[in-house]
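Participant: Take this sequence and fold it.
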Amino acid sequence: MTLPADSHVHSEWSWDTGGPDSFAAGRMVSMCERAVAIGLPAVVFTEHFDFDDVWRTTRDDLMPHQQSLLDPDGYLRPPPLEVPGYLESIDRCRRRFPELTILTGVEFGQPHLFGHRAAELVDLSTFDRVNGSLHTLKVGDDRYEPNTLFRMWPADDVMRAYLEEIPRMVAGSGEFEVFCHIDYAVRAWPSVTAGPFDPRRFEEGFRTAMRALAGSGRALEMNTRRPRSWIPQWWAEEGGSTVTFGSDAHVPEALADNFPEAVAMLEHFGFRPGRRAEDFWSRSG
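Facilitator: As a prediction, this is how the structure comes out:
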């Protein structure tokens, strides 16, 4: 089996890995070594671009190496992406691994809120790929991630609020071409208190979000951290025509996780690869 590109990968240049001056230094090289070792033909380093976003959280919701970013008032303030250093690392890796296609990219958090300000400082068109993600939701004057909100609200309310924000993100931003991990809030679903997650309870919310994405002509990422067959099925049924594959790997061992299963799943629902490994997969009809 020829694997598609892993189009959602983070290196030391993403703030949540620890940063380029931390224990994560050199991770981009390690990711490339891993890609070559497993026969992955292409990788897109989509580093976090959480421009101007600040949100409330707790130490319990952060990994140890992220806790220094939490200020005394309980706000997480991620540092900006160091674009020049990131691009230099990309160039070094391209020279070192000529057999591997290495593309640039960002994972733009909440682009519908921060797109205009970001465009004043960074030309996003210079990146090969711009993924869009919804990580935080507005509550009053603050923003929160779903994992924190699940301790504040009933679980169903968190899911509905997350899904209702997706069409607003689609309508409010032209900066991104791929919507990442539409099941992001599901990752933190509190199964102990709310029971196992049942997507059918939120089917209309997911389908409404997918219709908005499909109508905008954008691609949906098949996030392979935990492949879910209902996502490509509903995406195809709601008119979605293109997909990418993304592991959301932050460590080399997670690169291209579950790709064979995801490839088989997407083929079952009529999606086919493009000419190059990094091309979107598409379906007709």
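Participant: show me what contacts the nearest residue to residue 55 once chain neighbours are set aside?
Facilitator: In space, residue 55 comes closest to residue 143 once its chain neighbours are excluded; the distance is 4.0 Å by Cβ to Cβ, 6 or more residues apart in numbering. C-beta coordinates here come from the backbone N, C-alpha and C atoms, glycine included. Listed by Cβ atoms under 8 Å, 6 or more residues apart in numbering, the contact set of residue 143 reads 53-56, 136-137.
Participant: tally of neighbours for residue 92?
Facilitator: Per other Cβ atoms under 10 Å, the neighbour tally for residue 92 reads 13.
Participant: can I assume it sits in a helix?
Facilitator: Yes. The secondary structure assignment for residue 92 places it in a helix, going by DSSP: H, G, I helix; E, B strand; the rest coil.
Participant: pLDDT on stretch 139-147, on average?
Facilitator: Model confidence over stretch 139-147, given as mean pLDDT, is 95.
Participant: Offset the numbering so it begins at 504, please.
Facilitator: Renumbered: residue one is now 504, and that last one reads stretch 642-650.
Participant: Tell me the secondary structure of the nearest residue to residue 552 once chain neighbours are set aside, please.
Facilitator: Ranked by Cβ to Cβ, 6+ apart and with sequence neighbours excluded, the top spatial neighbour of residue 552 is residue 609, at 3.9 Å. At residue 609 the chain is in strand, as set by three-state DSSP.
Participant: beta partners for residue 609?
Facilitator: According to DSSP bridges, the residues that bridge with residue 609 are residue 550, residue 633.
Participant: so who does it touch?
Facilitator: Contacts of residue 609 were listed using Cβ under 8 Å, 6+ apart, and they are 549-552, 584, 627, 630, 632-634.
Participant: Adding distance to residue 773 and pLDDT, write those residues out as JSON lines.
Facilitator: Below are the contacts of residue 609 laid out as JSON lines (distance: Cβ to Cβ, whole Å; pLDDT from 0 to 100):
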{"residue": "549", "distance to residue 773": "26", "pLDDT": "98"}
{"residue": "550", "distance to residue 773": "32", "pLDDT": "97"}
{"residue": "551", "distance to residue 773": "32", "pLDDT": "96"}
{"residue": "552", "distance to residue 773": "32", "pLDDT": "94"}
{"residue": "584", "distance to residue 773": "36", "pLDDT": "93"}
{"residue": "627", "distance to residue 773": "31", "pLDDT": "92"}
{"residue": "630", "distance to residue 773": "29", "pLDDT": "97"}
{"residue": "632", "distance to residue 773": "23", "pLDDT": "98"}
{"residue": "633", "distance to residue 773": "26", "pLDDT": "97"}
{"residue": "634", "distance to residue 773": "23", "pLDDT": "98"}
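Participant: so which of those is the most crowded?
Facilitator: Highest neighbour count within those: residue 549, with 30 neighbours (other Cβ under 10 Å).
Participant: how many other residues sit next to the residue nearest to that residue when sequence neighbours are not counted?
Facilitator: Sequence neighbours aside, residue 608 is the residue nearest to residue 549 in space, at 3.8 Å (criterion: Cβ to Cβ, 6+ apart). Look at residue 608: counted by other Cβ under 10 Å, it has 23 neighbours.
Participant: now residue 608: how far from residue 537?
Facilitator: In this view, residue 608 and residue 537 are 18 Å apart by Cβ to Cβ, to the nearest Å.
Participant: Phi and psi next, for residue 513.
Facilitator: phi -120, psi 140 (degrees, to the nearest 10).
Participant: Confirm for me that it is in contact with residue 549.
Facilitator: Yes. At 7.1 Å, residue 513 counts as touching residue 549 under the criterion of Cβ atoms under 8 Å.
Participant: list the residues that contact both of these two?
Facilitator: Taking Cβ under 8 Å, 6+ apart as the contact rule, residue 513 and residue 549 both touch residue 610.
Participant: Helices along the stretch 604-753 of the chain, start to end?
Facilitator: Remark: helices assigned in the stretch 604-753 of the chain by DSSP state H, counting those that start in this stretch are 614-622, 649-652, 658-675, 694-697, 706-718, 733-740.
Participant: residues contacting residue 677?
Facilitator: With contacts taken as Cβ under 8 Å, 6+ apart, residue 677 has the following neighbours: residue 618.
Participant: Report the mean per-residue pLDDT for stretch 675-686.
Facilitator: Per-residue scores along stretch 675-686 average to 96.
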